[in-house]
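Peer 1: Need the 3D shape of this:
(chains A and B)
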Amino acid sequence: GNSVTQMEGPVTLSEEAFLTINCTYTATGYPSLFWYVQYPGEGLQLLLKATKADDKGSNKGFEATYRKETTSFHLEKGSVQVSDSAVYFCALSEKSSASKIIFGSGTRLSIRP
Amino acid sequence: EPEVTQTPSHQVTQMGQEVILRCVPISNHLYFYWYRQILGQKVEFLVSFYNNEISEKSEIFDDQFSVERPDGSNFTLKIRSTKLEDSAMYFCASSEGRGSGNTIYFGEGSWLTVV
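Peer 2: Next up is the predicted model:
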């Protein structure tokens, strides 16, 4: 079945450090890929998405590129801020069932000032 | 920015009691969803709803669960007889359309504790 695997946390970085959170997926067909973020005390927010191979999603300085050959969608940011501290979820949806998003287990990110 | 709102934010209930979690989706959205996240585990799909009927459900969504759109603005999840393992954060979500081109917007969640 379809699944998403992302690196386990927690991840702790200093402010202005480079961030990578790895995500790989297993899916039949050509899924759409997402990163959601959950800030403390808030709901899930869509951070970025990519709907086909080689697409790059970007938002708030974060980027992720849909790599079909490695079935990956790694999240990167060049210089993190304290306000980026949150839980990040990689996710996919099959185009045939776009109501059903399959989430990874989440990676907690903490940024030290 | 329009948002999905959920009530209550936290509810404690005794095992065997019925619980109704309420959601107000974004006003022009047509597709509605419930997801849940047991503490420390993944966010899991429960059900999707369109045109006053369930369009898809997971194996988690058994006979003790039901959903309803009782009026033009609310969307509810009912758990008929709660079990300890129903303790989780329940997220309501909505989208304008169906398909990966449509963004699914999530609420802040309702934390249910069954004791």
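Peer 1: Residue ranges in the chain under the pLDDT threshold?
Peer 2: Just so you know, I chose chain A. A:95-99 (pLDDT under 70).
Peer 1: not quite, I wanted chain B
Peer 2: Chain B contains residues with pLDDT under 70 at B:1, B:99-101.
Peer 1: What parts of it come near chain A?
Peer 2: B:4, B:31, B:33, B:35, B:41-45, B:48, B:55-56, B:58, B:91, B:93, B:98-109 (Cβ under 8 Å from any Cβ of the partner chain). All C-beta spots, glycine's among them, are computed from the backbone N, C-alpha and C.
Peer 1: now those residues: which count as buried?
Peer 2: Listed as buried from the residues of chain B next to chain A are B:4, B:31, B:33, B:35, B:42-45, B:48, B:55-56, B:58, B:91, B:93, B:98, B:100, B:102, B:104-109; burial here means 16 or more other Cβ atoms under 10 Å in any protein chain shown.
Peer 1: Next step: those restricted to strands.
Peer 2: Among those, the members found in strands (DSSP state E) are B:31, B:33, B:35, B:43-45, B:48, B:55-56, B:91, B:93, B:105-106.
Peer 1: nearest to residue A:91, of these?
Peer 2: Minimum distance to residue A:91 across these is 8.0 Å, recorded for residue B:43 (Cβ to Cβ).
Peer 1: Contacts only, for the closest one.
Peer 2: Contact analysis of residue B:43 by Cβ atoms under 8 Å, 6 or more residues apart in numbering or on different chains lists A:44, A:89, A:91, A:101, A:103, A:106, B:35-37, B:91.
Peer 1: ditto for residue B:5
Peer 2: Residues in contact with residue B:5, defined by Cβ under 8 Å, 6+ apart, are B:23-24, B:107-108.
Peer 1: rerun at 10 Å
Peer 2: A:43, B:22-26, B:92, B:107-108 (Cβ atoms under 10 Å, 6 or more residues apart in numbering or on different chains).
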